[in-house]
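K.L.:
Here is a sequence with its predicted model. Questions after.
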Amino acid sequence: MMRTISSVFALMAFAGVAQAEVPAVVTDIPPVQSLVAAVMGDLGDPEVLAGGGADAHSYQLRPSQARALANAGVVFWVGHEMTPWLERALEAGTGGEVVALLGSSGTKVREFSAAEMAAEHADDGDDHDHGSTDPHAWLDPDNARAWLGVIRDTLARADPEHAEVYVANAAAADASIAATDAQIKAALAGAAGVKIVMGHDAYGYFADHFGLTIAATVEAGDAAEPGAAHLEELRQMLKGQDVRCMFPEAGADPGRYVWLAEGTDTKVGAALDPEGRMLAEGPGLYEQLLTDIGTAVAGCLAGK
């Protein structure tokens, strides 16, 4: 009898451990991984697929990553507009819930303007087409804060034993992002109406939220090399308009930007990293990403 009772208690203890098991979580890009990591806290370390400086728009899964997807309890991704290669992998099936954040409740989605769409398809050879929807929604901190709620609720459903932890962590992350948002708004308070040029068409959400005016982009679209005609048109625009600053992309050759700005009043600012490719992954990446962009823009506009 004692052995039977002991076995029952052992099984109950095992069941309790099983119920409290934290789900394996997979994410697509560093900003999403950062938000999920902030909500999970010490409970787990979500995997990021297109990390380590990888191009989020064009990526090929490693076999180990395909296995991680198949065994994931939850997958968080921006959506097919940002990482179409992941959509194909998800069609093969995954063991848990899949959450496309771009289509989630509370997300403000912007469409590319007519000028942005024209630039997106201006040069032959650009095989990355995400349609008219701008997928870079994390660059609006209001969207990131809405996503924290979606991440919190999804994890709490998958792991109710730790629901209170997810709630507390999401609240702390929300407060941190709100503070970062306020700091950037203060730094960019005088930027309204000042024309700037960005490396590519990733910054619409950031510009809308912080009141920036993007006159043009250097690259014709995500992952697309600008053609000679586009560069010459841009060079003439810089000569004829009052464009204060131009910002290269992290990892891009700054020489192109120096050439474009030559003979104009446009200053070449610090390189920007909208996907956090060059940042250390983890819960602090998202706020660092926003801060770096805001600091670079504010510094250049101030003549620093």
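P.N.:
Ah, there it is.
K.L.:
Mind picking out the helix or strand in the chain with the poorest mean pLDDT?
P.N.:
One helix or strand of the chain scores below all others by mean pLDDT, DSSP states H and E: helix 2-19, with a mean of 38.
K.L.:
What residue, apart from its backbone neighbours, is nearest the residue nearest the centre of the chain spatially?
P.N.:
What sits nearest the mean C-alpha location of the chain, by CA atoms, centre = their mean, is residue 31, with 4.1 Å. Distance criterion CB to CB, 6 or more residues apart in numbering; nearest residue to residue 31, sequence neighbours excluded, is residue 138 at 4.4 Å. (Each C-beta comes from the backbone N, C-alpha and C, glycine too.)
K.L.:
OK, contacts around that neighbour?
P.N.:
Applying CB atoms under 8 Å, 6 or more residues apart in numbering, we find residue 138 in contact with 31, 32, 35, 78, 144, 147, 205, 286.
K.L.:
a helix runs through it, doesn't it?
P.N.:
Yes: checked against DSSP: H, G, I helix; E, B strand; the rest coil, residue 138 lies within a helix.
K.L.:
any idea of the pLDDT on it?
P.N.:
With respect to pLDDT, residue 138 scores 98.
K.L.:
Give me the distance between it and residue 261.
P.N.:
29 Å (CB to CB, to the nearest Å).
K.L.:
which element is the residue nearest to residue 264 when sequence neighbours are not counted on?
P.N.:
Excluding the flanking residues, the one nearest residue 264 by CB to CB, 6+ apart is residue 238, at 4.4 Å. In the assignment (DSSP states H and E), residue 238 maps to helix 228-240.
K.L.:
wouldn't the residue nearest to the centre of the chain be in contact with residue 285 here?
P.N.:
Yes: using CB atoms under 8 Å, residue 31 is in contact with residue 285, at 6.9 Å.
K.L.:
Need the residues touching each of these two.
P.N.:
Common neighbours of residue 31 and residue 285, using CB under 8 Å, 6+ apart, are residue 276.
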